[in-house]
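Colleague: Structure of the sequence below:
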Amino acid sequence: MVCCRCGSTNVFVTPVAEQRPRGCLLTLFYIFLLCIPVIGWIALFMLIRGRRSRIVTYAVCQNCGKRRKV
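Modeller: Sure, this is the predicted structure:
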């Protein structure tokens, strides 16, 4: 694999776990649900449970540091 910025062949391919950020509307929705006692506990559990991550593969040039998705 060749780097598109510097033309080097010293490129390392690595998998990275990324998490999608929560939107502000979803956060406001959870805060609204916390005001309702019974449903609020379910919303609190969803907040504590956390976000799921996905695996993305990047090619990183060892000379210039350019990173791109593969």
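
Colleague: From the rest of the structure, what touches the worst-scoring helix or strand of the chain on mean pLDDT?
Modeller: When each helix and strand of the chain is scored by mean pLDDT, DSSP states H and E, helix 37-49 comes last, with a mean of 74. Contacts with helix 37-49, where a contact means C-beta atoms under 8 Å, 6 or more residues apart in numbering, come from 30, 33-34. (Glycine included, C-beta is placed from N, CA and C.)

Colleague: Name the residues of it that are buried.
Modeller: residue 43 (16 or more other C-beta atoms under 10 Å).

Colleague: Am I right that residue 12 is in a helix?
Modeller: No. Using DSSP: H, G, I helix; E, B strand; the rest coil, the assignment for residue 12 is strand, not a helix.

Colleague: Pull the least confident helix or strand of the chain out as CSV, backbone CA atoms only.
Modeller: Presented in CSV, the C-alpha positions along helix 37-49 are these (Å, rounded to 0.1, in the frame of the first residue of the first chain):
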residue,chain,number,x,y,z
PRO,A,37,-40.1,7.9,38.0
VAL,A,38,-40.8,4.5,36.5
ILE,A,39,-39.6,5.2,33.0
GLY,A,40,-36.7,7.2,34.4
TRP,A,41,-35.1,4.1,35.9
ILE,A,42,-35.2,2.4,32.5
ALA,A,43,-33.6,5.4,30.9
LEU,A,44,-31.0,5.6,33.6
PHE,A,45,-30.1,1.9,32.9
MET,A,46,-29.8,2.7,29.2
LEU,A,47,-27.4,5.6,30.0
ILE,A,48,-25.3,3.5,32.3
ARG,A,49,-25.2,0.6,29.8
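
Colleague: chain center to that helix, what's the gap?
Modeller: 22 Å (C-alpha atoms, centre = their mean, to the nearest Å).
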